[in-house]
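**Q** I'll drop the sequence and a predicted model, then ask my questions.
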Amino acid sequence: MLRHAIRGLRNSRRWISSKNFTSRVGVERAVARESVDCVVIGAGVVGIAVARELALKGREVVVIEFASTFGTGTSSRNSEVIHAGIYYPRNSLKAIFCVRGRELLYKYCSEHEVPHKQIGKLIVATRSSEVPKLNDLMIRGNENGVDGLRMLEGFEAMEMEPELQCVRALLSPASGIVDTHSLMLSLVGEAENHRTTFCYNTAVIGGHLEGDRICLHISESKDLENWDRRFPLHPEVILMAKLVVNSAGLSAPALAKRFDGLNSTVIPASHYARGCYFVLSKMKTPPFKHLIYPIPEDGGLGVHVTLDLDGQIKFGPDVEWINGVDDISSFLNKFDYSVCAKRVERFYPEIRKYYPNLKDDSLEPGYAGIRPKLSGAQQSAVDFVIQGEDIHGVPGLVNLFGIESPGLTSSMAIAEHIVARYSR
């Protein structure tokens, strides 16, 4: 199946016997080698955006995706918010890419009829002790070039949102929401129209260097899922690429460690934070028209109010640090996305700080996502990490680490940056 999926990339291929790949009984296997132009690992929104941007520049692109379709991980398990660029340190990649990405995203959605809406956001201080933090956010947002920010007195914000309770609020008119599935579907279609091949149910299980070229070891996902770890994994195909973009999300650091010849000291430590969402039920009319965010907390932006394009209200995500995830489990995508119904007990008091009329038993379990973080509990937030040859010394390899929020908003700006800097 895998060979059939890749066969259309070239009319010819050569087969070699490689001593690097030996069966369990000691018999060398012949492994197909294929030269390709660009490989993007991971079909989340960032990987898809990178593939599209490369394809639009005339590059021939292959996207390798472990799952059966695109966007099944973090890209489809988030708040679907278009962020303005308020929260991130000045001149950080998060700030730069969020502001630029927001502009690109609104433009793309308008031109390609992707459902979205610029509904605005209120970041609220519910007690006077939080006001200095709100002021800091306004200063940071202005430094980052976010237009239209305005500080509101509590009564002004509550006139806009009668169900809201706060002492002061920061209004961000540039914030919005987007249908992420429709966005990714549009990006995939455009990439495919420009000669991009998407290989689903396919896994990159490692790689090695040959001269100045990285060779990727490719297998079917089912072989990886059935791997018992007692024997080494063997590829069915080796792809020799001029450019490789590791956009594997949660698994990106673990995958990078499986590239023989890559200095592992440049690969940052991984941390994982699960966030659960609960849906507001039993209400015919949504209580809010804007996104409502509390003051940010450790590891996230707080349990906030998000609306989807149908008006459905959801609250989340919270922050649950996941310990004990080893590299192999991460590499195998062994993550638990279940929502523990008991966690709702923590949601009610947090939400009632700004929405006091929230009724008992009105929240139902929604879904969960996991953030690919580079800092742990009680640690300062870390910027996006984009590593090229200048960092790790491997020509043609770009690693993307810690692409958490605002990754969705930043996706097209990240793609623009990668193509401009690394695509020769």
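**A** Cool, the structure landed. Since the structure is predicted, the reported quantities are computational estimates derived from the model, not experimental observations. Numbers count the residues shown, from 1 in each chain.
**Q** could you give the mean pLDDT of stretch 73-88?
**A** Per-residue pLDDT over stretch 73-88 has a mean of 96.
**Q** again but with stretch 139-147, I slipped
**A** The model assigns stretch 139-147 a mean pLDDT of 97.
**Q** how about stretch 115-132?
**A** Computed over stretch 115-132, the average pLDDT equals 97.
**Q** between the two ends of it, how far is it?
**A** 36 Å (Cα to Cα, to the nearest Å).
**Q** with stretch 212-226 instead?
**A** 33 Å.
**Q** what are the contacting residues of that stretch?
**A** 1-2, 6, 33, 39, 41, 64, 66-67, 201-209, 233-242, 244, 259, 332, 394-397 (Cβ atoms under 8 Å, 6 or more residues apart in numbering). (Glycine included, C-beta is placed from N, CA and C.)
**Q** and if you look at stretch 84-94?
**A** Contacts for stretch 84-94 (Cβ under 8 Å, 6+ apart): 95, 98-99, 102, 121, 123, 137-138, 140-141, 143-146, 149, 170, 172, 174-175, 296, 301, 383-384, 386, 406, 409-410.
**Q** then that stretch to PDB, C-alphas only?
**A** The C-alpha coordinates for stretch 84-94 follow below in PDB (Å, rounded to 0.1, in the frame of the first residue of the first chain):
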ATOM      1  CA  ALA A  84      -4.600  39.100  17.900                       C
ATOM      2  CA  GLY A  85      -1.000  38.800  19.300                       C
ATOM      3  CA  ILE A  86      -1.400  40.300  22.800                       C
ATOM      4  CA  TYR A  87       0.100  37.800  25.100                       C
ATOM      5  CA  TYR A  88       3.600  37.200  23.700                       C
ATOM      6  CA  PRO A  89       6.900  38.900  24.500                       C
ATOM      7  CA  ARG A  90       7.900  41.600  22.100                       C
ATOM      8  CA  ASN A  91      10.000  40.400  19.100                       C
ATOM      9  CA  SER A  92       9.300  36.800  20.000                       C
ATOM     10  CA  LEU A  93       8.400  34.400  17.200                       C
ATOM     11  CA  LYS A  94       5.000  33.900  18.800                       C
END
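**Q** buried set for it?
**A** 84-88, 92-94 (16 or more other Cβ atoms under 10 Å).
**Q** among the residues you listed, name the ones in helices.
**A** By the criterion of DSSP state H, membership of these in helices covers 93-94.
**Q** dump the buried residues of stretch 84-94 to CSV, plus distance to residue 57.
**A** Listed next are those as CSV, based on distance: Cβ to Cβ, whole Å:
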residue, distance to residue 57
84, 28
85, 26
86, 32
87, 31
88, 28
92, 26
93, 21
94, 25
